[in-house]
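Student: Sequence first, predicted coordinates after that:
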Amino acid sequence: MYRLGWRGRAVLAALATVVSVVMSATAATAAPSGDGCHFAPTRQQWVCQAVRPPGSGSKPGPKPPTSPVTCSWQGRVYPCNDPALGWFDNQDGCYYRLASPQPVFDPNLWQGHQNGQGAIYAESCVAINRFAFVWQQSSPAGPPRNSPVQLAQQAFATLTLPKPVPPSSPSGATLPDGRAYTVVQVPTWYWTTPASYQPKTARAAAGPVWAQVRVTPVALTFAPGDTGSTVSCAGPGDVWTSQAGPWAHAPGGCDYEYPQSSYGYPGGQLTATYGIVWRASWTGSGGTGGAFADVTTTATTRFAVAEAQAVIVK
């Protein structure tokens, strides 16, 4: 039999047309509350059935962050927001979503609190397979003002990530007409300056709440500008020098071989695009943390791809 993963089980529990929730109570007996909740004396528990009419859904909650962010609990990473389960709480590893419709007020269901105080939330503790309705004074999860998630986004926005700095000429020389060039069917090395390939950090704080972002370059990409696919390598690449010889491959794998010349392209040149892929992660107060989507900064350069027998350097 196929077994659903934790998210599949959680979504099925959250999206069921009739959600049966068992809640503890202190009262020994009670009449039906009129909203599908009744006290079961033999079980000493409140049993609630929250019925959602077809087409109904939960009330709109806070919009998720504009950047994909993850949360964590006990070393495992979870999405901070799930459309079906709600917002993740890093303090207890559970998702919370405002129950809609709310059950009719009952002191036992509201755990002794007054009518109008707090609300009932669907609690989905996927890590321990616990799914219930619980009373909360306010939403226990979500991106409140000046949350670590928001501060991480603010810190990330302050960073200016460097673009790659392509070489003036892959071959280190120019053709008689002044065009930078490389040669067909030999490894064309690509690289950027070491200074453009350094980690960056930023920090933001609001009182005791803080977040720090670290952005690290993880790859240098090279789109050759011909019909070939983009290639990449780890690190900033190595500068080609004549001592390496024309047939040597770059030590870190940062090279590409052009199969034919750039004859027929505008100006007899190709436009190659260099890119640095940046990976961002963050840590924050309260044991929070997560990651942002990778960002790529780019720069272009133009050069000719010449036949070896046609090369006469200046």
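Tutor: All right, it came through fine.
Student: outside of stretch 178-185, which residues touch it?
Tutor: Residues outside stretch 178-185 that contact it (CB atoms under 8 Å, 6 or more residues apart in numbering): 168-171, 173-175, 188, 246, 257-261, 267-269, 301-308, 311, 314. The C-beta positions use only the backbone N, C-alpha and C, and glycine is treated the same way.
Student: and with 6 Å instead?
Tutor: Here stretch 178-185 makes contact (CB atoms under 6 Å, 6 or more residues apart in numbering) with 169-171, 174-175, 188, 257-258, 260-261, 303-308.
Student: From one end of that stretch to the other, what's the distance?
Tutor: 22 Å (CA to CA, to the nearest Å).
Student: Then stretch 110-120?
Tutor: 8 Å.
Student: Which positions within that stretch qualify as buried?
Tutor: 110, 119-120 (16 or more other CB atoms under 10 Å).
Student: Can you tell me the element Val156 falls in?
Tutor: Let me fix one detail, which is that residue 156 is Phe and not Val. helix 148-157 (DSSP states H and E).
Student: following that helix, which helix or strand comes up?
Tutor: Following helix 148-157 in sequence, per DSSP H and E, is strand 181-183.
Student: Please work out which residues outside the very next helix or strand once past that following strand touch it.
Tutor: The helix or strand immediately downstream of strand 181-183 is strand 187-189, counting by DSSP H and E. Residues outside strand 187-189 that contact it (CB under 6 Å, 6+ apart): 170, 182, 240, 249-250, 255-257.
Student: and with 10 Å instead?
Tutor: Applying CB atoms under 10 Å, 6 or more residues apart in numbering, the contact partners of strand 187-189 are 167, 170-172, 181-182, 222, 224, 237-241, 244-258, 272, 303, 305.
Student: just the buried members of the residues you listed?
Tutor: Here, 16+ other CB under 10 Å leaves 167, 170-172, 181-182, 222, 224, 237-238, 240, 250, 254-256, 258, 272, 303, 305 buried among the contacts of strand 187-189.
Student: Show the model's pLDDT score for the spatially closest residue to Ala234 that is not a sequence neighbour.
Tutor: Using CB to CB, 6 or more residues apart in numbering and skipping the chain neighbours, the partner closest in space to Ala234 is Ala219 (5.9 Å). Model confidence at Ala219, given as pLDDT, is 97.
Student: Could you grab the helix/strand/coil label for Ala219?
Tutor: strand (DSSP: H, G, I helix; E, B strand; the rest coil).
Student: need the contact list for it.
Tutor: Ala219 neighbours (CB under 10 Å, 6+ apart): 232-235, 254, 275-279, 294, 296.
Student: Among those residues, which ones are in strands?
Tutor: Mapping those onto strands (DSSP state E) picks out 232-233, 275-279, 296.
Student: Ala195: which of those is nearest?
Tutor: Ile276 (11.7 Å; CB to CB).
Student: ok, the closest one - contacts?
Tutor: 161-165, 192, 196-197, 217-221, 236, 295-299.
Student: quick one: least confident helix or strand in this protein?
Tutor: strand 18-24 (a mean of 37; mean pLDDT, DSSP states H and E).
Student: ok, back up a step: now the buried residues of stretch 110-120 in CSV, with secondary structure, pLDDT and distance to Pro83?
Tutor: Output for these, formatted as CSV (DSSP: H, G, I helix; E, B strand; the rest coil; pLDDT from 0 to 100; distance: CB to CB, whole Å):
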residue, secondary structure, pLDDT, distance to Pro83
Trp110, coil, 82, 27
Ala119, strand, 83, 20
Ile120, strand, 82, 20
